[in-house]
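Peer 1: My questions are about this predicted structure, shown below with the sequence.
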Amino acid sequence: MKYLIANKVVYDTESGELNIPDGELTESKKLTHTANRILSLLIASPGEVLERQYLLEQVWESVGHTSSSSSLNQYISILRKTLTSFTDIEESIIVVPKVGFFFSADIDIQRIDEVDELPGRAEPKPVYTAKKSLPLKYVFATVTVIVLLIANLWVWYPSQKNERYSNLAFMGNLEKCTISTYEHVSADTRKRILEVLRIAEPNLNEKCLKHPTQLMVNIQPSVFYGSRGRIFYSLCSLDSEVGELTYCENHYAFNWEMK
């Protein structure tokens, strides 16, 4: 399968080659077998989150190789840098912390047989370029944030087991914010959650425009129906290079009511 990325780069999933046709000259690069398998899976479903375990199974374990999260992180970093060198787009592959990765839906992706003309023969379309966020690597701050987050959740529902929060469920994106909940919710509930967030955090859209952020939220159902209840949300800035949390703003209300 061949894809046209950002109306500029031709990607062949069979050969693992990336190239930019330009008259008689062609800039190209051949990906390693492992990098090619990762990119082919991501680019086949732009905007869809592929969980870490799924990628590890499909890329390594399915061919009898030993997998590891650190290896996956390294290949994702290599792919992002390679794609940036070809497209000038710095956030082509988006990291969803503790969940997985997805190819940015903001980048135009077309199957090559759906394109009438290749780049160099037609005027290129405008290319979305995301602003690069400044990397902030403070390990101590990250550990502190995780401890505070667990403490808040424990106070909220002391009768529930902590295993409930071991996996985040991807809910959707708001600008550069990746929104996650602690359990899968229906489409109607997602709308209600966004409504509560916009009331509780009036500057939410502005914050989500600035830099990549992981927004984790949990809301007591009674709030959706006009009653008082507990709400919790955490705005965690990301180091977009490796997908690690750098610091979080935690917000908790015990007896909150929509007004």
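Peer 2: Yes, it's here.

Peer 1: can we go C-alpha only for contacts and neighbour counts from here?
Peer 2: Noted.

Peer 1: Just the buried residues of stretch 71-89, please?
Peer 2: Buried residues in stretch 71-89, counted by 16 or more other Cα atoms under 10 Å: 72-73, 75-77, 79-83, 86-89.

Peer 1: Ignore what I typed, I meant stretch 58-72.
Peer 2: For stretch 58-72, using 16+ other Cα under 10 Å, the buried residues are 59-60, 67, 72.

Peer 1: and residue 5, what are its bridge partners?
Peer 2: Residue 5 forms beta bridges with residue 9, residue 109, as assigned by DSSP bridges.

Peer 1: Touching, it and residue 109? I think so.
Peer 2: Yes - assessed by Cα atoms under 8 Å, residue 5 is found in contact with residue 109 at 4.9 Å.

Peer 1: Tell me which other helices or strands the helix or strand where residue 78 lies touches.
Peer 2: Using DSSP states H and E, residue 78 sits within helix 69-87. Secondary-structure packing of helix 69-87 (3 or more Cα pairs under 8 Å, 6 or more residues apart in numbering; DSSP states H and E): helix 33-43, helix 52-59.

Peer 1: Can you list the helices and strands that the longest one packs against?
Peer 2: For helix 33-43, the packing partners by 3+ Cα pairs under 8 Å, 6+ apart come out as helix 52-59, helix 69-87, strand 100-103.

Peer 1: I'd like these as JSON lines, with mean pLDDT and distance to residue 259 appended.
Peer 2: Compiled in JSON lines, the helices and strands packed on helix 33-43 are given as follows (pLDDT from 0 to 100; distance: least, Cα to Cα, whole Å):
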{"stretch": "helix 52-59", "mean pLDDT": "92", "distance to residue 259": "40"}
{"stretch": "helix 69-87", "mean pLDDT": "92", "distance to residue 259": "43"}
{"stretch": "strand 100-103", "mean pLDDT": "92", "distance to residue 259": "36"}
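
Peer 1: Pipe the ones you listed into CSV and attach distance to residue 45 per row.
Peer 2: Below are these laid out as CSV (distance: least, Cα to Cα, whole Å):
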stretch, distance to residue 45
helix 52-59, 13
helix 69-87, 16
strand 100-103, 7
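
Peer 1: Show me the one of the ones you listed that comes nearest residue 179.
Peer 2: Closest approach to residue 179 among the helices and strands packed on helix 33-43 (Cα to Cα): strand 100-103, 13.3 Å.

Peer 1: what residues does the closest one touch?
Peer 2: With contact meaning Cα atoms under 8 Å, 6 or more residues apart in numbering, strand 100-103 is reached by 42-43, 45-52, 92-96.
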